[in-house]
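1. okay, sequence plus prediction incoming.
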Amino acid sequence: MEVCAVTMTKVDDWLETIPSKNTRKNYVHGIARFETWYEDSITKLIKSPEATRTVEKFYVYLKQHHPQNTCRNLTNSMIQFLKFHRTEVKPRKSLGIYKTERAIDNHMLTISEVIYGASPHQ
């Protein structure tokens, strides 16, 4: 999964405005995943009236294969990219794109968790 060269110029412009290294890395991964699914460059959606509909279709596709938080993060990459390039993206709220699900702790309990009831992930 690689982002095409034409896209990379626009993506680089956008990424320069993101202070967090990890966020930048996640956004590049999200754009690459989208372009693999879309079979074309995300730049084709800049100023496109089909941007919102395409975001929704990508999200529905992801929901068939990934947990909610992964779908939200991957979809958010393209939403933020398109918004940066002044493309209106307003997915239907009923899809739940921005919903965050609490992760279930499925690890061995530590002594402090048993005694104090606190998770090391909180």
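-> Happy to help now that I have it. This one's a predicted model, so the numbers in the text were calculated from it and none came from an experiment.
2. show me the helices in this protein, by range?
-> In the chain, the helices defined using DSSP state H lie at 5-15, 21-38, 51-63, 68-84, 111-116.
3. between the ones you listed, which gets nearest to residue 102?
-> helix 68-84 (9.1 Å; C-beta to C-beta). Glycine gets a C-beta too; all of them are placed from N, C-alpha and C.
4. buried stuff in that closest one?
-> Within helix 68-84, the residues scored as buried using 16 or more other C-beta atoms under 10 Å are 71-82, 84.
5. same question, stretch 40-58
-> Residues of stretch 40-58 classed as buried: 41-43, 45, 51-52, 54-56, 58 (neighbour count, 16+ other C-beta under 10 Å).
6. next one: stretch 10-25
-> 10-11, 14-15, 24.
7. relative to residue 36, which of those residues is nearest.
-> Using C-beta to C-beta, the buried residues of stretch 10-25 come closest to residue 36 at residue 11, 14.6 Å.
8. would you agree that closest one is in contact with residue 81?
-> Yes. The criterion here is C-beta atoms under 8 Å, and residue 11 meets it with residue 81 at 6.9 Å.
9. mutual contacts of those two, please.
-> Taking C-beta atoms under 8 Å, 6 or more residues apart in numbering as the contact rule, residue 11 and residue 81 both touch 27, 31.
10. I'd like the distance between the most centrally placed residue in the chain and residue 92.
-> The centre of the chain sits closest to residue 74, judged by C-alpha atoms, centre = their mean, with a distance of 2.2 Å. Remark: distance between residue 74 and residue 92 (C-beta to C-beta, to the nearest Å) = 18 Å.
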